[in-house]
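Enquirer: Return atomic coordinates for the entry below.
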Amino acid sequence: MKSFQLPVPAITTGLLALSIVGFPPLASAISSSTQGTPSGVAQESYPMKELVKKYMVSCLRKPTQAVDCEKVRASAVAILKEDLLTLGSTADRVYLPHIVRMFKSEEIELRIATADSIGMIGPQDSDVEILAILTNDPVPDVRQAVSNMLSHGKGNAIDLLKQRTMPVRTGRAPEKPADASKLGLPVAPDSVYLFDSSDATKGRLSYVTRGNTDPARFFRAKAQKGPFTWEQFKEQYRFQLKDEDEALDQLQQAAGKHLENEKAPDPTTNMEAFMAHMQKLQSVSMQGSTGRIFFDTYQPNLYGAPTVYVLEERRIGQRNYPTRYVVVYQELAFKWPGYRLAWTTVPDAAIKTAQVTSLDEEKEELANKAEREAMKKKQAELDALTKKKDAAEKKQFKKGQDDLEKELGF
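Expert: Coordinates of the predicted model:
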């Protein structure tokens, strides 16, 4: 599985690196931001450009403990961040290709500043191909910054990418793709994991495929059933999907009651423990079926016409359930094929409990359907009888008319 992001080498092509070697337009644009002296001990020893140069040449490929690299790093990042924002404030698109290259940086602050700078310039439809890659940064706060950046853009393609980009988490810690193989799920070749469209706790992992990989062809060979359209799938397994939603809601309610019975820490004495408790409450609130609406809503303008392949159908209680399936679609905003792996996350016992109610509903539905079919059949028989009677009366009338004409000599 590939990483859906720009490579992350050392910043050998950063903005200040270009200014150091005398990139004229850049040098003039950042002149105002290099007049002062950043705070910190490191700057006292190194002029600004020399400090950044030392950071790139001597520190990036060495442990931060080496010499004074940690102080140099902090100072260099501050300088680069200021320069990025200065370039963005020009609103001149000539700098955009150079600014985008800073997304190669390992520094989270610089990637966020890069997104802010591009937002100040204003992204356009012609930038979508490269900006789509940036929306999938492994750091949630960078993805948030990219989403904000897109809100300052103009154009139909930018609007579509903005609608598709919906950051759901925050934080500075890089996320790692979930390992689908540990879940017994196949991943198509050349697949790229989508961070904000995936959540293993909710049984949903999303990908796009690059190159010549056709996910529909890949999963068709592995499917037990399908293909179905998304609407056909929901109709075919409507009671099974309802059972799972009900089981999720029941588990959520049980977890919520358990937390409610726990005494919340006093925020005046232990704010950290109090915040952890509140985060647990928020997490529990998203464990029910409503927490998966984002994953199971396929707007046509974003996903085209999704196709579903059932990878595993398993008997639970009195029904067969699609316990593993994949929804294949087109990522219209990213302009690549996409797919979402889905699987049941609740225990069989919880599904069996929810199944009791839905079985009664299914029986009632079948009884109503049988009654409707019987009434429809009875109506058809009545219509046929009426039609037959009308035909007989018409025939009798014509015969009477013919007899009368004979008597009258016509």
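Enquirer: Which residue lies nearest the spatial centre of the chain?
Expert: A centroid search over the chain (CA atoms, centre = their mean) returns Ser197, at 2.3 Å, as the residue closest to the centre.
Enquirer: close enough to count as contact, Asp137 and Arg143?
Expert: Yes - the pair Asp137 / Arg143 is scored as a contact, 5.3 Å apart, by CB atoms under 8 Å. Yep, even glycine has a C-beta here, placed from its N, CA and C like the rest.
Enquirer: where do the contact lists of these two overlap?
Expert: In terms of CB atoms under 8 Å, 6 or more residues apart in numbering, Asp137 and Arg143 are both contacted by the residues Phe195.
Enquirer: Show me the contact partners of stretch 142-153.
Expert: For stretch 142-153, contacts defined as CB under 8 Å, 6+ apart pick out 108, 111-112, 115-116, 118-120, 122-124, 127, 131, 134-137, 158-159, 161-162, 165-167, 170, 195-196.
Enquirer: From the residues you listed, list the buried ones, please.
Expert: By neighbour count, with 16 or more other CB atoms under 10 Å, those hold 108, 111-112, 115-116, 118-120, 122-123, 127, 131, 134-137, 158, 161-162, 165, 167, 195-196 as buried.
Enquirer: Got phi/psi on the residue nearest to the centre of the chain?
Expert: Backbone dihedrals for Ser197, given as degrees, to the nearest 10, come out at phi -100, psi 20.
Enquirer: With the one 4 residues further on instead?
Expert: Per-residue torsions, Thr201: phi -70, psi -20 (degrees, to the nearest 10).
Enquirer: Ser195: what's it in contact with?
Expert: Quick fix: residue 195 is Phe, not Ser. Neighbouring residues of Phe195 by CB under 8 Å, 6+ apart: Asn136, Asp137, Pro138, Pro140, Arg143, Glu175, Pro177.
Enquirer: Now distance to Asp92 and secondary structure too, for the residues you listed, in CSV please.
Expert: Listed next are the contacts of Phe195 as CSV, based on distance: CB to CB, whole Å; DSSP: H, G, I helix; E, B strand; the rest coil:
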residue, distance to Asp92, secondary structure
Asn136, 27, coil
Asp137, 25, coil
Pro138, 30, coil
Pro140, 30, helix
Arg143, 26, helix
Glu175, 34, coil
Pro177, 37, coil
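Enquirer: Looking at Ala78 now. What's its pLDDT?
Expert: pLDDT for Ala78: 89.
Enquirer: cool, and Leu60?
Expert: With respect to pLDDT, Leu60 has a value of 63.
Enquirer: How about Ser206?
Expert: Confidence at Ser206, expressed as pLDDT, is 98.
Enquirer: Quick one: neighbours of it, just the number.
Expert: 22 (other CB atoms under 10 Å).
Enquirer: ok, now Lys363?
Expert: Neighbours around Lys363, by other CB under 10 Å: 10.
Enquirer: returning to what we had before: residues contacting the residue nearest to the centre of the chain?
Expert: Arg204, Ser206, Phe295, Arg340.
Enquirer: rerun that using 7 Å as the cut-off
Expert: Residues near Ser197 by CB atoms under 7 Å, 6 or more residues apart in numbering: Ser206.
Enquirer: in the stretch 151-300 of the chain, which spans are helices?
Expert: Secondary structure of the stretch 151-300 of the chain (DSSP state H, counting those that start in this stretch): helices located at 156-164, 215-220, 230-236, 238-261, 271-285, 300-303.
Enquirer: for the longest one, packing partners?
Expert: Okay, so that is helix 238-261. The contact analysis (3 or more CB pairs under 7 Å, 6 or more residues apart in numbering; DSSP states H and E) places helix 238-261 against helix 271-285, strand 319-331, helix 348-407.
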